[in-house]
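[1] All I have is the shape, not the residue letters:
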């Protein structure tokens with residue numbers, strides 16, 4: 001049996017963990033540990049090879065990462081998603097750059113440069129797109145007013161939130177509320 005820790009691109013949610021674990025186990029791959037961004041697996045190399053592993057990942061829209069810098073980019077994505085989608089602490093959003101710097105032990109400038117090198121967008125744009133998707137979720141929940149959402153997402157005003165929402169989605173917040181709300185994107189699409 002071989003044991004390997006593999007780093008995985010686009011593994012951004014808990015449902016990815018469950019699906020990947022199930023698919024690995026169906027293919028004689030033992031999952032020793034699995035977390036967002038990586039899995040430690042054990043397998044018999046006479047039965048399982050990298051093509052099988054890559055095929056399983058590919059079917060789920062995932063891929064293996066072998067480059068150290070790309071692993072860091074995935075860690076940046078995970079930290080942004082944690083910050084915007086999973087933490088409900090307003091202070092965390094307000095100090096987003098400080099949170100990322102502390103979490104990843106890199107300067108914001110280094111992260112931004114590295115992110116742009118491997119992704120088709122900038123780190124700031126990635127953060128904005130995640131904020132917009134989180135705003136959609138908060139609007140859909142109907143728990144908060146737009147003023148509360150603006151505050152939670154670190155916008156100085158409802159007008160600023162509305163302007164950025166329209167710029168990114170092509171529709172106003174009011175139009176979004178009246179729509180079928182099918183414009184939502186998965187985190188992997190951002």
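    That came through fine. These numbers come from a predicted model, not from an experiment. Residues are numbered from 1 along each chain as shown.
[2] So which residues of the chain form strands?
    Counting by DSSP state E, the chain has strands at residues 2-9, 29-35, 38-43, 63-65.
[3] Mind listing the strands the longest one pairs with, and their directions?
    Strand 2-9 has these partner strands in its sheet, going by DSSP bridges: strand 38-43 (antiparallel), strand 63-65 (antiparallel).
[4] for that strand, what is the average pLDDT?
    Mean per-residue pLDDT for strand 2-9: 92.
[5] buried set for it?
    By neighbour count on 16 or more other C-beta atoms under 10 Å, the buried set for strand 2-9 is 7-9. For glycine as for every other residue, the C-beta is placed from the backbone atoms N, C-alpha and C.
[6] out of those, who's nearest residue 134?
    Of all the buried residues of strand 2-9, residue 134 sits closest to residue 9, with 21.7 Å by C-beta to C-beta.
[7] separation between that closest one and residue 107?
    23 Å (C-beta to C-beta, to the nearest Å).
[8] Of the strands of the chain, which is nearest residue 83?
    Of these, nearest to residue 83 by C-beta to C-beta is strand 29-35, at 17.2 Å.
[9] Buried by neighbour count: which residues of that closest one qualify?
    29, 31, 34.
[10] name the helices or strands packed onto that strand?
    helix 14-26, strand 38-43, helix 50-59 (3 or more C-beta pairs under 8 Å, 6 or more residues apart in numbering; DSSP states H and E).
[11] Just give the strands next to that strand in its sheet, each with its orientation.
    Short version: by DSSP bridges, strand 29-35 pairs with strand 38-43 (antiparallel).
[12] got the angle for the partner strand vs helix 50-59?
    140 degrees (axes from the mean of the first three to the mean of the last three C-alpha atoms, to 10 degrees).
[13] for the record, mean pLDDT for strand 38-43?
    94.
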